[in-house]
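>>> I would like to see how this sequence folds:
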Amino acid sequence: RQRQMCIRDSPNIAIENLHYNVPIEGVSESNSQVIERSPLIIARIEKYFKKHISASALNTYLRCPLDFYYRYIAELGEERGVEEDIESQQFGSLVHHVLEELYKPFALYDSFGKEVQPKPKAVQSEDITKMLKDYKSILYNAFLAYFDNDEQLFLKGKNLISYTIAQDTLENTLKKELVLLKGLKEDLFIVQVEAKKTMRLELMVHGEKREVSFTGYIDRIDKIGNNYRVIDYKSGKVKDQDVKFSEKENPILTFSKCKHAVQLAMYSLFLKDSFGCYPSEASIFSITDIKQLSYSLHSDSHSLEEISNLFKKFLERLLEEIFDETQPIEHSEDSKYCNYCQ
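Below is the predicted model:
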């Protein structure tokens, strides 16, 4: 810092020019990617876990604890806004919306769990054939609403490519559904679409009982004969290792290595809480996969019910880590898609 004083027209006026030198070397040595779990931070975490917790929040923590902190604890949230270019997340949401609209008339319960009367019939092959004719108008209206009623924003240019891909995606998905139906020996009933679920679990965290609420939207619950399925639509690529559950000594590592295990195990517990039984299948429907539609959570040594119960142990270990005051919150070097820490 340097200080210089000069006197101008009046001897009573002093003008100071202050110059500051920032010690860059010292700043670069400090780690801005670490937040200590101070009493204030722990209090904010406590406040957050009194809310309903989603699978996506847990997965964010597994990918990067610091990103989780910024988004959920510091509540920075995400920027939202209608853009002229459609992004992958919005693309997937629009396709999901069309599938929801197509299957909603067949759902036995509405999204909040109220039974529909009169009871809808089972889905037949001719119903899917009709959907193959109806989906284009529903998709058009969905894109039109997204682009604020300006069809020129998606009927030409690069958004036309997204619009065309969405059409192809829906047609391929429905055709694969048609193949499935023709091979079934029992009726397929749609139980719920976009089903809003909540549940409370009593977990042991650091030797004390803690009640935690969880919430989520299941894209589709259906039933083939007496066997329930919980299904989540994904527009991204799915690999077998994303749904292959291989138990390791550390349950946190086990669930973090199986990309979709947290979500599908939570959805299985939602079904048990709502309908009194575990699903026979918990699957990701890869709607952009040309060859394969369904990727089911599976294991060489555990049933889906066992995986769901192991999920509770995973939650206990995870919460013990989250509430551990001795461990700082740090950016995960393995995470390449953080919203805030990079």
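
>>> list the buried residues of stretch 191-205.
Within stretch 191-205, the residues that qualify as buried are 191-195, 197, 199, 201, 203, 205, counting by 16 or more other Cβ atoms under 10 Å. For the C-beta atoms, the positions are set from N, CA and C on the backbone; glycine is no exception.

>>> farthest pair within the residues you listed?
V193 and V205 (34.5 Å; Cβ to Cβ).

>>> so D334, which state does it fall into?
coil (DSSP: H, G, I helix; E, B strand; the rest coil).

>>> for it, give me its contacts.
Contacts for D334 (Cβ atoms under 8 Å, 6 or more residues apart in numbering) come out as R63.

>>> ok, now how distant is it from S283?
Computed with Cβ to Cβ, to the nearest Å, the distance linking D334 and S283 is 27 Å.

>>> can you tell me the helix or strand for N149?
For N149, there is no enclosing helix or strand under DSSP states H and E.

>>> make that Y135, sorry
Here Y135 is assigned to helix 125-146, by DSSP H and E.

>>> okay, which residue is most central for the protein?
The residue lying closest to the centre of the chain (Cα atoms, centre = their mean) is S56, at 3.9 Å.

>>> excluding sequence neighbours, find me the nearest residue to it.
The shortest distance from S56 to any non-neighbouring residue, by Cβ to Cβ, 6 or more residues apart in numbering, is to Q263 (7.7 Å).

>>> what distance do you get for that neighbour to L297?
Where L297 is concerned, Q263 sits at a distance of 9 Å (Cβ to Cβ).

>>> so the two - more neighbours on which side?
L297 (26 against 22; other Cβ atoms under 10 Å).

>>> from what I see, that one and A261 are in contact.
Yes - if you go by Cβ atoms under 8 Å, L297 and A261 touch, sitting 6.3 Å apart.

>>> if I pick L297, what's in contact with it?
243, 245, 258, 260-261, 264-265, 282-283, 304, 307.

>>> pull out the buried members of these.
243, 245, 258, 260-261, 264-265, 282-283, 304, 307.

>>> correct me, but R317 touches P251?
Yes - here R317 lies in contact with P251, judged by Cβ under 8 Å, at a distance of 5.3 Å.

>>> where does this structure have low pLDDT?
Within the chain, the ranges that satisfy pLDDT under 70 run 1-12, 14, 19-32, 77-86, 336-337, 340-342.

>>> for it, longest helix please?
helix 158-183 (DSSP state H).

>>> quick check: angle from that helix to helix 125-146?
160 degrees (axes from the mean of the first three to the mean of the last three Cα atoms, to 10 degrees).

>>> if we can go back for a sec, would TSV of the buried residues of stretch 191-205 with secondary structure be doable?
Formatted as TSV, the buried residues of stretch 191-205 follow (three-state DSSP):
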residue	secondary structure
V191	strand
Q192	strand
V193	strand
E194	strand
A195	strand
K197	strand
M199	strand
L201	strand
L203	strand
V205	strand
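
>>> can you give me the helices for the protein?
Going by DSSP H, the chain shows helices at 24-29, 39-48, 55-63, 65-68, 88-103, 125-146, 158-183, 251-257, 261-275, 304-322.

>>> which elements pack onto the third one?
Applying 3 or more Cβ pairs under 8 Å, 6 or more residues apart in numbering; DSSP states H and E, we find helix 55-63 packed against helix 65-68, helix 251-257, helix 261-275, helix 304-322.

>>> can you pull the contacts of the closest residue to K119 other than its chain neighbours?
With Cβ to Cβ, 6+ apart as the criterion, K119 has its nearest non-adjacent residue at 6.5 Å, and that residue is L108. For L108, the contacting residues are 115-116, 119-120, 189-192, by Cβ under 8 Å, 6+ apart.

>>> out of the residues you listed, list just those in strands.
189-192 (DSSP state E).

>>> which of those residues lies closest to R71?
Taking the ones in strands among the contacts of L108 together and measuring to R71 by Cβ to Cβ, the closest member is Q192, at 28.3 Å.

>>> so what's that closest one bridging to?
I221 (DSSP bridges).

>>> list the contacts of it.
107-111, 113, 218, 220-221.

>>> could you redo the last one with a cut-off of 7 Å?
Taking Cβ atoms under 7 Å, 6 or more residues apart in numbering, we find Q192 in contact with 107, 109, 111, 218, 221.

>>> so of the residues you listed, which ones are in strands?
218, 221.

>>> quick check, nearest of the contacts of Q192 to E126?
E126 lies nearest to A107 out of the contacts of Q192, by Cβ to Cβ, at 18.2 Å.

>>> wait, isn't that closest one in contact with I190?
Yes - between A107 and I190 there is a contact under Cβ atoms under 7 Å: 4.9 Å.

>>> relative to S125, how far out is K175?
11 Å.

>>> do I have it right that L203 meets L318?
No - at 9.5 Å, L203 does not count as touching L318 under the criterion of Cβ under 7 Å.

>>> cool, thanks, talk later.
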